[in-house]
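Participant: what follows is a protein structure lacking sequence information:
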Ligand code: PXL
């Protein structure tokens, strides 16, 4: 019989290299949920397991670099991935092994979400981690998706005022000069709007949506970069991909905005429910 896979409409395959959030809001759980909603097939290579809930992160258990390499060697030669996202990594040895495997397998569509600060905006890792992101991972990325605080950490710069969109545009350009091919700087503000700044090396684009008054934004950044990743896997152009992902994330925040699932910050939720 002919190769059935040619005639069957298979989903795009996407890989997240990320941490597990036991609270189910962020990390690989947010990525896989986003991909299921968008009809993609998600692979997951686990970098770390966190013990956390809606209030706090209690513990982080890192996987060994060898075991992360084993996971990548297991999935990439077999399934392959049309696009890859990196999330929580947190250790220099893990950054190095991931960078080397990404080069070995030659994936072009890599979205790097530089998870560097906690939700209070405090840096989570030592300076060496920042530096490894810049020298080892950023050159491999097709897109990086830092928020305002992560941008300041990556550039070793002062924290910008999120309302100063001109300054954010400058910082996006500085990240490009530092080696990022494309930059989506998340979390700018303008009056009642949230503004993400997208810089492709030529033009600054603004992506806008109305600010939603809620504390339930845990996982918003993961959802956004996972949504960009799947659009790229489907062959969308990057400017279309970031636009679709911005709208998708706005809707995901809207969906969970009124919830009270735990005592603290609630999740965003991209699925449409009929109950
Ligand atoms: O939202 C960033 C993020 C990514 N990955 C893991 C996390 C978080 C934030 O809580 O816990 C595992």
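Facilitator: Right, received. Where do you want to start? These numbers come from a predicted model, not from an experiment. Numbering: from 1, shown residues only.

Participant: hey, which helix is longest across the protein?
Facilitator: The single longest helix within the chain, with elements called by DSSP state H, is helix 238-256.

Participant: buried set for that helix?
Facilitator: 238, 241-246, 248-250, 252-253, 255-256 (16 or more other C-beta atoms under 10 Å). Using the backbone N, CA and C atoms, a C-beta is placed for each residue, glycine as well.

Participant: buried stuff in stretch 90-98?
Facilitator: Buried, per 16+ other C-beta under 10 Å, within stretch 90-98: 90, 91, 92, 94, 95, 97, 98.

Participant: quick one, what contacts the fourth one?
Facilitator: In this structure, residue 94 makes contact with 47, 62, 63, 65, 68, judged by C-beta atoms under 8 Å, 6 or more residues apart in numbering.

Participant: what is the nearest of those residues to residue 220?
Facilitator: Residue 220 lies nearest to residue 47 out of those, by C-beta to C-beta, at 20.1 Å.

Participant: what about that closest one, how many neighbours?
Facilitator: Number of residues near residue 47 (other C-beta atoms under 10 Å) recorded here: 30.

Participant: three-state assignment of it?
Facilitator: Under DSSP: H, G, I helix; E, B strand; the rest coil, residue 47 falls in the strand class.

Participant: so who does it touch?
Facilitator: Residues near residue 47 by C-beta under 8 Å, 6+ apart: 17, 18, 19, 62, 63, 68, 87, 88, 89, 90, 94, 98.

Participant: keep only the residues you listed that also lie close to the ligand.
Facilitator: 18, 19, 87, 88 (C-beta under 6 Å from any ligand atom).

Participant: not counting its neighbours along the chain, what's nearest the last one?
Facilitator: This means residue 88. Of all residues not flanking residue 88 in the chain, residue 19 sits nearest, at 3.4 Å (C-beta to C-beta, 6 or more residues apart in numbering).

Participant: helix, strand or coil: sort out that neighbour for me.
Facilitator: Classified using three-state DSSP, residue 19 is strand.

Participant: confidence score at it?
Facilitator: We have a pLDDT of 98 for residue 19.

Participant: that one: neighbour count?
Facilitator: 26.

Participant: still on that earlier bit, narrow the buried residues of stretch 90-98 to those in helices?
Facilitator: Per DSSP H, those map to helices at 92, 94, 95, 97, 98.

Participant: for this structure, which segments count as strands?
Facilitator: All strands of the chain, identified by DSSP state E, fall at 13-21, 41-52, 57-62, 83-86, 110-112, 143-144, 183-190, 193-199, 204-210.

Participant: good, we can wrap up now.
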